[in-house]
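Colleague: okay, structure incoming, though there's no sequence with it:
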């Protein structure tokens, strides 16, 4: 009887291990669509970024998790498919990030600078938004990006208001 219980336990542990391993492989295999994005600041400057798009549930869930670096002119745009209050976190995210909360019109509504890597604290948009742009921490300050600045990208321009992606 003890041998049978042990065999069941070992089988269950092995099954769990294989499931978790396959989930990690699937997450690592996610390919994010890419695009370009421009932020027009109040002082008339344009800042161009190469971005990855997180437009579906799997991409939004993965985000920038488990990445150790990102080029200075890169970022990730999360499209939520609707305007709503958004809650983000930094679980399994090793990069310190600036988060720009953006309305459906592309206007920066709110900014949270220097999100702490690996933190599970909730980062609240504070008001309804349609997008979140994640950039390397310090980018907002370095480029003088502020609430009210305009974000332009085909992802924002081509979607009708309140339409799902």
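Modeller: Nice, I can see it. Predicted model only: the values in this text are computed from it and were never measured. Residues are numbered from 1 along each chain as shown.
Colleague: let me know the pLDDT of residue 93.
Modeller: Residue-level confidence at residue 93 comes out at 95, pLDDT.
Colleague: dihedrals phi and psi, it?
Modeller: phi -110, psi 110 (degrees, to the nearest 10).
Colleague: distance of it from residue 46?
Modeller: In this structure, residue 93 and residue 46 are 28 Å apart, going by C-beta to C-beta, to the nearest Å. In short, each C-beta sits where N, CA and C put it, glycine included.
Colleague: show me the helices in the protein, by range?
Modeller: 2-28, 57-62, 139-143, 154-157 (DSSP state H).
Colleague: and residue 139, what is it in contact with?
Modeller: Residue 139 sits next to 72, 75, 98, 145 when contact means C-beta atoms under 8 Å, 6 or more residues apart in numbering.
Colleague: and the residues you listed, which of them are buried?
Modeller: 75, 98, 145 (16 or more other C-beta atoms under 10 Å).
Colleague: isn't the last one up against residue 39?
Modeller: Yes: using C-beta atoms under 8 Å, residue 145 and residue 39 qualify as a contacting pair, with a distance of 5.8 Å.
Colleague: which residues do these two both contact?
Modeller: 47, 108.
Colleague: endpoint to endpoint, stretch 113-132 covers what distance?
Modeller: 13 Å (C-alpha to C-alpha, to the nearest Å).
Colleague: can you list the weak-confidence ranges in this protein?
Modeller: For the chain, residues meeting the criterion pLDDT under 70 lie at 1-28, 160-165.
Colleague: tell me the centre residue of the protein?
Modeller: The residue lying closest to the centre of the chain (C-alpha atoms, centre = their mean) is residue 63, at 4.1 Å.
Colleague: wait, what's in contact with that residue?
Modeller: Per C-beta under 8 Å, 6+ apart, neighbours of residue 63: 54, 76, 78, 93, 134.
Colleague: OK, contacts around residue 88?
Modeller: By C-beta under 8 Å, 6+ apart, the neighbours of residue 88 are 99, 115, 122, 123, 125, 132.
Colleague: from residue 120, how far off is it?
Modeller: Taken as C-beta to C-beta, the span from residue 88 to residue 120 is 11 Å.
Colleague: the closest residue in space to residue 38 that isn't next to it in sequence: neighbour count?
Modeller: Among residues not flanking residue 38 along the chain, residue 152 sits closest, at 4.7 Å (C-beta to C-beta, 6 or more residues apart in numbering). Other residues within reach of residue 152, judged by other C-beta atoms under 10 Å, total 15.
Colleague: perfect, that will be all.
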